[in-house]
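Colleague: Need the 3D shape of this:
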Amino acid sequence: MIDISILIVSWNVRELLLQCLAAIPTAVGDNLNYEVFVVDNASSDGTPDAVKNQFPDVNVIANPDNRGFTGGNNQALAHARGRYLFLLNPDTEPCPGSVAELHRYLADNPSVGIVGPRLVYGDGNSQPSRRRFPTISILFTESTIIQHYLPGLTLFARYYMKDLSEDEVQQVDWLVGAAMFARRTVYEEIGGLDEDFFMYSEELDWCHRAVDAGWRIAYNPAAEIVHHEGKSSEQVVAARHIHFFSSRVRYTQKYHGRFLAAVLRAWLLVTFVLQWLREAVKWLVGHKRPLRVERMAAYRQVLQSGLRSR
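Modeller: Alright, predicted model coming up:
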């Protein structure tokens, strides 16, 4: 049986994806066998042909339309044969030995179902990737104008696990989905990613389901992976906001019920009204008007979406 299946879903980040694929052999090392799947979600930058030409051993699934992060990963999961499954973003560069270390950790810790590495930005600074499950207050404040104006609130520090050293192996509730190394047994037990989450919060939901099934989630900083964050989603700012917050509403409905989800949706829409008004005021006083027009248009699209799930 194949040791590791590496699954990458890509959209219009061809050069970063090629860097990622080039880094994989030294990240895995010589003692493990592996297969790689690239699912391309209808990129317009020639990704499928580039991968086939430069990495002929990679299995390419070229979708005619964008099936999202969850749909693409589920396609790859259905074909994967590895005893371990590594969901990896295309805008990452696994450091030498990192994948082998994640494999070693799960092999040595049978109660752990999913493990994640230390993520670092391109400049070498750490990217926070450990999380506790979000409380109601976090669902209503994190990544909103509340956090923008009050970033030092204790609830954010607790959510990002800043009370624990990022240099130590530790149990966590969930991991940022840029790099998640899982046992096949977990996938067979809880299923793939929930496709009601087009993107964002899908890793939170997957880890939640794993924990509910009795598995532990771990963070192992001995494995390090560079993450050039958000290079796909930053191409479509309004869509990023819509997917991010509609997924949060979907998660809230799934784990806290319809009423709280409806209240959260209304509150989030209010925050975007406030942001639109803030940009409008700045436009009126003549401050960086092209930027204000761009942001107002993005916020208008969010409001028009109603932040409703697909």
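Colleague: Now name the helix or strand holding the residue nearest to Asp3 when sequence neighbours are not counted.
Modeller: Ranked by C-beta to C-beta, 6 or more residues apart in numbering and with sequence neighbours excluded, the top spatial neighbour of Asp3 is Leu32, at 4.4 Å. In short, each C-beta sits where N, CA and C put it, glycine included. Per DSSP states H and E, Leu32 falls between elements, in no helix or strand.
Colleague: Do I have it right that Leu139 meets Thr252?
Modeller: Yes - taking C-beta atoms under 8 Å as the definition, Leu139 is a contact partner of Thr252 at 5.6 Å.
Colleague: what residues are shared contacts of the two?
Modeller: Counting by C-beta atoms under 8 Å, 6 or more residues apart in numbering, the residues touching both Leu139 and Thr252 are Leu264.
Colleague: pLDDT wise, what is Val237 at?
Modeller: pLDDT for Val237: 83.
Colleague: give me the number of residues near it?
Modeller: Residues within reach of Val237, counting by other C-beta atoms under 10 Å, total 16.
Colleague: show me what contacts it?
Modeller: 294, 298.
Colleague: repeat for Pro134
Modeller: With C-beta under 8 Å, 6+ apart, Pro134 has these contacts: 142, 159, 204, 251.
Colleague: How much space separates the first one from Gln275?
Modeller: Counting by C-beta to C-beta, to the nearest Å, the gap between Glu142 and Gln275 amounts to 15 Å.
Colleague: Equivalent analysis for the last one, please.
Modeller: Distance of Tyr251 to Gln275, computed by C-beta to C-beta: 22 Å.
Colleague: Which one's more surrounded, these two?
Modeller: Tyr251 (23 against 20).
Colleague: Give me the next element, helix or strand, following the top helix by length along the chain.
Modeller: Using DSSP state H, we find that the single longest helix of the chain is helix 258-284. Sequence order places helix 289-305 as the next helix or strand after helix 258-284, per DSSP H and E.
Colleague: Any idea how far that following helix is from the middle of the chain?
Modeller: In terms of C-alpha atoms, centre = their mean, to the nearest Å, the centre of helix 289-305 is found 24 Å from the chain centre.
Colleague: relative orientation of it and helix 258-284 in degrees?
Modeller: Calculated by axes from the mean of the first three to the mean of the last three C-alpha atoms, to 10 degrees, helix 289-305 forms an angle of 160 degrees with helix 258-284.
Colleague: Show me what helix 289-305 is packed against.
Modeller: If you count contacts as 3 or more C-beta pairs under 8 Å, 6 or more residues apart in numbering; DSSP states H and E, helix 289-305 packs onto helix 237-256, helix 258-284.
Colleague: could you dump these to JSON lines with distance to Leu18?
Modeller: As requested, the helices and strands packed on helix 289-305 are exported to JSON lines (distance: least, C-beta to C-beta, whole Å):
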{"stretch": "helix 237-256", "distance to Leu18": "23"}
{"stretch": "helix 258-284", "distance to Leu18": "36"}
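Colleague: Among those, show me which one is buried the most.
Modeller: helix 237-256 (a mean of 20; mean count of other C-beta atoms under 10 Å).
Colleague: tell me the angle of that one relative to helix 289-305?
Modeller: Using the same axes, to 10 degrees: helix 237-256 against helix 289-305 is 40 degrees.
Colleague: What is the distance between helix 237-256 and the centre of its chain?
Modeller: Mean-position distance between helix 237-256 and its chain equals 13 Å (C-alpha atoms, centre = their mean).
Colleague: Count residues in the vicinity of the nearest residue to His256 once chain neighbours are set aside, would you?
Modeller: Nearest non-adjacent residue to His256, counting by C-beta to C-beta, 6+ apart: Ile136, 7.1 Å away. By other C-beta under 10 Å, the residues close to Ile136 number 12.
Colleague: Tell me which residues touch the residue nearest to Gln253 when sequence neighbours are not counted, please.
Modeller: In space, and not counting its chain neighbours, Gln253 is closest to Ala261: 3.6 Å by C-beta to C-beta, 6+ apart. When contacts are counted by C-beta under 8 Å, 6+ apart, Ala261 is found next to 249-250, 252-253.
Colleague: List the buried residues of the biggest strand by length in the chain.
Modeller: Counting residues, the longest strand in the chain under DSSP state E turns out to be strand 216-227. Neighbour-count burial for strand 216-227, with 16 or more other C-beta atoms under 10 Å as criterion, is recorded at 217-221, 223-227.
Colleague: Can I get it in CSV? Just the C-alpha atoms.
Modeller: The C-alpha trace of strand 216-227 is given here as CSV (Å, rounded to 0.1, in the frame of the first residue of the first chain):
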residue,chain,number,x,y,z
ARG,A,216,-7.1,13.8,18.9
ILE,A,217,-5.8,16.7,16.8
ALA,A,218,-2.1,17.7,17.2
TYR,A,219,0.3,20.4,16.3
ASN,A,220,3.9,19.4,15.6
PRO,A,221,6.4,22.3,15.1
ALA,A,222,9.2,20.0,14.2
ALA,A,223,7.6,19.9,10.7
GLU,A,224,7.7,23.3,9.0
ILE,A,225,6.0,24.4,5.9
VAL,A,226,6.1,27.8,4.2
HIS,A,227,2.7,29.2,3.4
